[in-house]
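1. Structure for this input, please:
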Amino acid sequence: MARSYTLAELAQCSGAQLRGDGDCIIQGVESLNGAGSGQISFFNNRKYRKYLADTAASAVILRPEDAADCPCNALLTDNPYLVWAKITQCFAEQSHQESGVHAAAVVDARAEVSHSASIAAGSVVGEGAKIGADVRVGPNCVIGRNVTLGRGTHLVASVTLLDGVRLGEDCLVHPGAVIGSDGFGLANDGGRWEKVAQLGSVSIGNRVEIGANTTIDRGAIHDTIIADGVKLDNQIQVAHNVEIGENTAIAACTGISGSTRIGAGCTLAGGVGVVGHIELADGVHVSGASVVSRSLKEPGVYTGGVLAMPHKTWQKNIARIKQLDDMARRLRKLEKMLEKSLEEES
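-> Residues are numbered from 1 along each chain as shown. Have a look, this model is predicted:
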């Protein structure tokens, strides 16, 4: 049965200020131009102002200064997207999974599984693993030896946690994620590669979300560390001994090389590449497709990518970039000649 709330209830749960009919029934969420009666939308980006005046939504979340342009009920807030996020959670369907171990799951006799936890079909739990209260392990997950899962953590499906990995409370791990596989450590022996044993593990804090097919390698000696509140998108590679600070968010397809430390409250947009053994200070924000090759010691916004342009323009610019070094030398030579000429005149 679909959930429904009064607008007053949604105002209360989101902390927004109600304007209009608090008894208005809201049954779902929708975009401004797609919403109809019984639905709530939000206005946060000026690009979509053209849809605000004509929206058929029963209510819109928006800033107080935009309220005059809203033709219906409203929830007023200085942060419409945050209120939108809270309200979407009200309508999100919660998957239900009965507590207990499914008959088609395999749990080692020396593992500890809380009576309120659930282990779905096809999952395997290794020796010494500790599965906390209200943990949900979806189908076909592999939980290695001595893995620890804190209260309320949810492995959606086909998640692999290798030996010794520790996840805190209320974490969410999406399908295909692999945590605790070996880092890429190799020593060269006359042209042959000798493997460096990866003896650490992975330590993950509370309220961490890890996207689909993201991989987090175990540390070579010490643990790879993911702090509380970190959010990792899909298909991210976190190499061995990386440390990521609290509440940092990293978008898809980013690659982080080994032993790099990323501070708290950072954001890395999609496709960022970070080389190894450097540090990013707290509050660093890196634009998409940038390559970070040196430590960023001050908070701020950093951009290193080349924006897309017409192909012929790009070819011309690349050709000129190749000439930059020669041009700089010639410019410096001219500057010296000019300086010498001015000295002789004076």
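2. Please count neighbours and contacts with C-alpha atoms only from this point.
-> OK.
3. how long is stretch 59-75 from one end to the other?
-> Start-to-end span of stretch 59-75 (Cα to Cα, to the nearest Å) is 7 Å.
4. Please apply the same query to stretch 300-308.
-> End-to-end for stretch 300-308, by Cα to Cα: 24 Å.
5. And that stretch, what's buried?
-> Tyr302 (16 or more other Cα atoms under 10 Å).
6. Stretch 77-94 now?
-> Under 16+ other Cα under 10 Å, the buried positions of stretch 77-94 are 77, 80-81, 83-84, 87, 90-91.
7. what's next to stretch 47-55, contact-wise?
-> Residues from elsewhere that reach stretch 47-55, judged by Cα atoms under 8 Å, 6 or more residues apart in numbering: 32-36, 43, 69-71.
8. Extract the CA atoms of that stretch and return them as PDB.
-> C-alpha atoms of stretch 47-55 as PDB (Å, rounded to 0.1, in the frame of the first residue of the first chain):
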ATOM      1  CA  LYS A  47      17.300  26.800 -14.600                       C
ATOM      2  CA  TYR A  48      14.000  25.200 -13.700                       C
ATOM      3  CA  ARG A  49      12.100  28.400 -12.800                       C
ATOM      4  CA  LYS A  50      10.100  28.200 -16.100                       C
ATOM      5  CA  TYR A  51       8.400  25.100 -14.600                       C
ATOM      6  CA  LEU A  52       7.500  26.600 -11.200                       C
ATOM      7  CA  ALA A  53       4.700  28.900 -12.200                       C
ATOM      8  CA  ASP A  54       2.800  26.100 -14.100                       C
ATOM      9  CA  THR A  55       3.500  23.100 -11.900                       C
END
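9. Tally up the residues packed near His311, please.
-> 9 (other Cα atoms under 10 Å).
10. for Ala53, same thing?
-> 14.
11. Check the gap between it and Arg46 for me.
-> Taking Cα to Cα as the measure, Ala53 falls 13 Å from Arg46.
12. shaky segments in the chain?
-> 1-2 (pLDDT under 70).
13. quick one on the thing from earlier: distance to Leu155 for the buried residues of stretch 77-94 - can I get that in JSON lines?
-> Below are the buried residues of stretch 77-94 laid out as JSON lines (distance: Cα to Cα, whole Å):
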{"residue": "Thr77", "distance to Leu155": "34"}
{"residue": "Pro80", "distance to Leu155": "30"}
{"residue": "Tyr81", "distance to Leu155": "27"}
{"residue": "Val83", "distance to Leu155": "27"}
{"residue": "Trp84", "distance to Leu155": "26"}
{"residue": "Ile87", "distance to Leu155": "24"}
{"residue": "Cys90", "distance to Leu155": "21"}
{"residue": "Phe91", "distance to Leu155": "21"}
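14. tell me which of these is nearest to Leu268?
-> Tyr81 (19.4 Å; Cα to Cα).
15. tell me the contacts of the residue nearest to the closest one when sequence neighbours are not counted?
-> Using Cα to Cα, 6 or more residues apart in numbering and skipping the chain neighbours, the partner closest in space to Tyr81 is Asn44 (6.5 Å). With contacts defined as Cα under 8 Å, 6+ apart, Asn44 is in contact with 62-63, 80-81.
16. just Leu149 next, same as before
-> 130-132, 135, 166-169.
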